[in-house]
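**Student:** for reference, the sequence and a predicted model appear below.
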Amino acid sequence: MKADTLSNCAKAEMLFEEKGNQGTYQSQFYLDSAIRLCPNLAKAWREKGVPFLKRGDYATWLNCLNRAIEISPADFLDIRAWSKAKFLHDYKGALEDFKNFDLLRPDNPKVIGDYNIYTWMALCEIGLDHYELALDYANRSIAISSKEHGEEWVGMYDFLYRGNIKLVLKDYKGALEDFDKQLRNSDKLAEGYYYKGLAFLGQKRKKDAKKSFEKSVYYFVNGYTMLDPYVEMPFKVYINDAKIELAKLQLMD
């Protein structure tokens, strides 16, 4: 079928497929043209907004994404949810979106962006200082992943996150168990040793805490740390945090 006999939405699909590199003038031109031809092409609205998100123009990004969600909520509500949590720290709004998405897609694979949906919901509850609720979601997330694939396939930092929830709740034994599980999956993670040190301090085990903080400093120096190209990750700490804890312990000696 020749292009001039295609429907406007079919032409829009062709333009979408030829959009080129994301965020370039050419890409935005193709997406704008596709939207003019077929205003209900939800994926074009979503794609048009992504470069604005990465540049920090959240208002323009959200306007585009909201339009995509109006057209096809089951396909795009999850994106708004994790973006609100990760980029905007709108934990209340993100949590509402996650809950609605879970109702819309009860059989979805549960993995959204970087994490399981329930890990996202746990992080939102942490942001709202609801640690008991956060623990429930973290338990659910880890249980799903463990049942399906085994603990070695639990989300990259899920044990670290749950351990920190337990740390806040003063369950130091449970926190240490989770940090050990995290370090079995990623044995050089500087943050894992840092938080393990805090759990040891909660148990008054100063020598163990000192060793853990020293390992944390070592792995920070060697670059084994949590990284994200766009934002500071949840429970992210730095080498000076570990050095400060070591200095405090030295003053206690």
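**Tutor:** Done, it's in.
**Student:** where do the strands sit along this structure?
**Tutor:** 111-112, 115-116 (DSSP state E).
**Student:** each with direction, which strands does the last one pair with?
**Tutor:** For strand 115-116, sheet partners with direction are given as strand 111-112 (antiparallel), following DSSP bridges.
**Student:** need the contact partners of the strand it pairs with.
**Tutor:** The list of residues contacting strand 111-112 from outside it, by C-beta atoms under 8 Å, 6 or more residues apart in numbering, reads D78, A81, W82, F98, F101, I117, W120. In short, each C-beta sits where N, CA and C put it, glycine included.
**Student:** just the helices in the stretch 51-200 of the chain please.
**Tutor:** Per DSSP state H, counting those that start in this stretch, the stretch 51-200 of the chain has helices spanning 58-71, 73-83, 91-104, 117-127, 131-149, 158-168, 172-185, 190-202. These are given in chain order.
**Student:** confidence-wise, which of these is weakest overall?
**Tutor:** Among these, helix 131-149 carries the lowest mean pLDDT, a mean of 90.
**Student:** okay, the angle between that helix and helix 172-185?
**Tutor:** Direction vectors for helix 131-149 and helix 172-185, defined by axes from the mean of the first three to the mean of the last three C-alpha atoms, to 10 degrees, enclose an angle of 40 degrees.
**Student:** mind giving me the packing neighbours of helix 131-149?
**Tutor:** Counting by 3 or more C-beta pairs under 8 Å, 6 or more residues apart in numbering; DSSP states H and E, the packing neighbours recorded for helix 131-149 are strand 115-116, helix 117-127, helix 158-168.
**Student:** what angle sits between the second one and helix 91-104?
**Tutor:** With the same axes, to 10 degrees as the criterion, the two stretches helix 117-127 and helix 91-104 enclose an angle of 160 degrees.
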